[in-house]
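What follows is a predicted protein model with its sequence.
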Amino acid sequence: MEKYKEPQVYVINNSEIAEKLHEKYFVEEGNLGITKQIEYEQYENHKYVNLEYDLIGNLHEYKVVIIDLQNKSEAKVCRESDLPDGMPYLFQVDYPMKQFDPAPFVMNQIPRGTAHEGMRIIFSDKDYAEHYKIVQIEEQNRVGYPDEFEERVYNTIGAGVKNKIGKKTKAGQYVLAQTIAKYVSGYNVIFYLPTVFDSSKNESVTDGNYIPLLFNQDDEVISYIGYDKENGYELLLPVCQNKEKLIDELFSMVLPEIFPNIFPESREFQWINNEEFKPKEVLECEKQKKELKDKYEKQLEEIRMQETKIYEKYQFLNDLLTQTGNALVKAVCKYFEWLGFSDVQEIDGSEDILREDIQIVDGNLLFIIEVKGIGGTSTDAECSQVAKHRRKREKENQDKEIVPLYIVNHQRYMQPQLRENPPFSENQIDYAYNDERGLLTTWQLYQQFKLIEDGIFTKEETRQAMKQIGLITLLPINFYSIGTVTEYFKKSKACILNLNDVEIKRGIYVWAKKGALWKKGTICSIQVDDNDVDTAKNSEVGLVLDIELAKGFELFVKNSM
């Protein structure tokens, strides 16, 4: 197959991974240097060694760098001092030190990433530091005064590190975490994720741009993915078996879905052969294709223009997940207009410092909406800001019921699937519920758009759901769970479940949810104790539906009875 042009991949200290990725990607290899075992002559106090390592000069141009700290190079015995290689500098090793390890020094020469587009994947090993003395070899092999410094292996990552060995691990809920967990055999370090100061709590909290993936039995982080806008993404992995298979699975099925900008989708290539090698029949086919292309060129151009207008029409959807400030407010306004609210007003704010961002008049309801786009998650003050506007709006609109909403585009530098959802603490949700305020994310709005387009829910149902308080789910207000599928028979589309306290009837609609996937279908038949019935309640039932499901789907109905 034709190799992908992007991303170019640089692999350090693991030839098996490089060989596997070379089948699909442009890959270069390097290493962290050769460890040297020092042997001193009698009465000898110093040895001088050069730095033998392999890093490509344009490493900063590679979007993905994979570093295997667990894979150590063989040590080289050094009985005599090395000669300067190119530049007249050597490293001084003093007796009784018997080993020169270049890895910490070389690790600190590797660029952290190419701005927001790069990714480093590191198989983590024990943390340690090395003390270096670098000297200049002068004329007649005289040695200058050494420049001393220390380097740690993990100086360039965003998290703190502590050595700790173990084998018991558990994975988080993300697909990325579940994939890594299949290959984990243990860990040698734990990580302390960076923190930011939360002024509302007057304390430091975990930076929302760093997501823990795997934990040990003490709930300490042993694997994470983090983002820094200056240095891109970093993925730290524990001790793994079959690393080349893990990387291949990540590159093939997981990372391209989460990071499409780093891992572009494969493209179909047109292969154009020289005419001299083409049969006449092929040339005739090409002539016919050209005639068809010319004939319909105008129609194709009109379709492209229409497609561009559609993209522009729905640009607000992308803005919901990427923007902040006024651009995000405008996108939310566009969304509510699409949703069918007839009177959506973007509030300027110049007339009143403490103004909400958006007002929506809907009959006797007045929605007041605060919108935020942030890099992490919301503080308590941000969640409750909209409550400060409520009393004034109640006085100004005594004939209206005020509905306060806080809508946030959180962790906006991350792909939505990697974000913390929901991004609100239990206290924030409780306070919102008690204060009769609503909490919502732009990712929920985006997902609801897709569900409405697919006919799962309606705009009217969603508008009604906006009136809820606390953590808003956007589910219809008369939605009820009837249970979870415990057994499923694919051939007959039949499922078994224990009914919750809701009556169901043959012929009614049913909604099915598993993870982020929703389906809508109809109950074709109901069985209780192997007997066909028209209705059922509070029992184990067998249902035949007109949609395909699987074990684990939760079923919902609308309670209109």
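Yep, it's here.

For H389, see how far away E28 is.
Per CB to CB, to the nearest Å, E28 is found 57 Å from H389. (Each C-beta comes from the backbone N, C-alpha and C, glycine too.)

again but with I303, I slipped
46 Å.

follow-up on the earlier one: which residue of E28 and H389 possesses the greater neighbour count?
Comparing E28 with H389 by other CB atoms under 10 Å, the one with more neighbours is H389, at 21 against 18.

Go ahead and list the helix or strand containing the more buried one.
helix 387-396 (DSSP states H and E).

What of N326?
If you go by DSSP H and E, N326 is part of helix 325-339.

Show residues contacting that helix.
With CB atoms under 8 Å, 6 or more residues apart in numbering as the test, helix 325-339 has contacts from 316-317, 319-320, 323, 344, 346, 357-358, 360, 369, 371-373, 407, 409, 442, 445, 449, 459, 462-463.

Tell me which of those fall in helices.
If you go by DSSP state H, the contacts of helix 325-339 have F316, L317, D319, L320, T442, L445, F449, K459, T462, R463 in helices.

Next, format those as CSV and append neighbour count.
As requested, those are exported to CSV (neighbours: other CB atoms under 10 Å):
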residue, neighbour count
F316, 22
L317, 18
D319, 21
L320, 26
T442, 26
L445, 22
F449, 19
K459, 14
T462, 19
R463, 17
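
if we can go back for a sec, the helix holding H389 - contacts with which helices or strands?
For helix 387-396, the elements it packs on are strand 365-373, strand 401-409, judged by 3 or more CB pairs under 8 Å, 6 or more residues apart in numbering; DSSP states H and E.

first to last residue in stretch 542-553, what's the distance?
Stretch 542-553 has an end-to-end distance of 14 Å (CA to CA, to the nearest Å).

That should have said stretch 80-91, apologies.
13 Å.

Quick one: low-confidence residue ranges for the stretch 251-400 of the chain.
265-278, 348-354 (pLDDT under 70).

since we're on the closest residue to K400 other than its chain neighbours, how many residues are nearby?
Among residues not flanking K400 along the chain, L366 sits closest, at 4.1 Å (CB to CB, 6 or more residues apart in numbering). L366: 21 surrounding residues under other CB under 10 Å.

what are the phi and psi angles of the residue nearest to the spatial centre of the chain?
In the chain, the residue lying closest to the centroid (CA atoms, centre = their mean) is L418, at 3.1 Å. Here is the backbone geometry of L418 (degrees, to the nearest 10): phi -90, psi -10.

That one against Y174, yeah?
Yes - in this structure, L418 is within contact of Y174 by CB atoms under 8 Å, at 6.8 Å.

which residues are in contact with both of those two?
Both L418 and Y174 are contacted by I211, under the criterion CB under 8 Å, 6+ apart.

From what I see, F191 and G226 are in contact.
No - contact criterion CB under 8 Å: F191 and G226 do not qualify, at 9.2 Å.

Common neighbours of those two, please.
Common neighbours of F191 and G226 (criterion: CB under 8 Å, 6+ apart): A159.

what angle separates the helix holding H389 from strand 401-409?
150 degrees (axes from the mean of the first three to the mean of the last three CA atoms, to 10 degrees).

what angle separates helix 387-396 from strand 365-373?
Here helix 387-396 runs at an angle of 160 degrees relative to strand 365-373 (the same axes, to 10 degrees).

Distance from helix 387-396 to the middle of the chain?
Taking CA atoms, centre = their mean, to the nearest Å, one finds helix 387-396 lying 38 Å from the centre of the chain it belongs to.

Also stretch 78-89?
Counting by CA atoms, centre = their mean, stretch 78-89 comes out at 46 Å from the chain centroid.

try stretch 497-513
Stretch 497-513 has its C-alpha centroid displaced from the chain centroid by 35 Å (CA atoms, centre = their mean).

And stretch 8-24, by the same measure?
Centroid separation for stretch 8-24 versus its chain: 23 Å, with CA atoms, centre = their mean.

cool, and stretch 163-175?
18 Å.

Also stretch 473-485?
With CA atoms, centre = their mean, you get 28 Å for stretch 473-485.

which outside residues touch it?
So stretch 473-485 is contacted by 440, 444, 448, 457, 461-462, 464-468, 495-500, 502, 504, 510-512, 549-560 (CB under 8 Å, 6+ apart).

What average pLDDT does it get?
Average pLDDT, stretch 473-485: 90.

Any idea how far apart the tips of that stretch sit?
Across stretch 473-485, first to last residue, CA to CA, it's 22 Å.

Stretch 525-540 too?
For stretch 525-540, the first-to-last residue distance is 14 Å (CA to CA).

So, low pLDDT: which residues of this structure?
Within the chain, the stretches with pLDDT under 70 are 1, 86-87, 112-116, 139-143, 265-278, 348-354, 560-561.

my guess is I56 meets Y10, correct?
Yes - assessed by CB under 8 Å, I56 is found in contact with Y10 at 6.5 Å.

In terms of neighbours, single out the busier of those two.
Y10 (24 against 13).

Just say helix, strand or coil for that one.
strand (DSSP: H, G, I helix; E, B strand; the rest coil).

which residue sits closest to it, ignoring its sequence neighbours?
Once flanking residues are discounted, Y10 sits nearest to Y62: 4.3 Å by CB to CB, 6+ apart.
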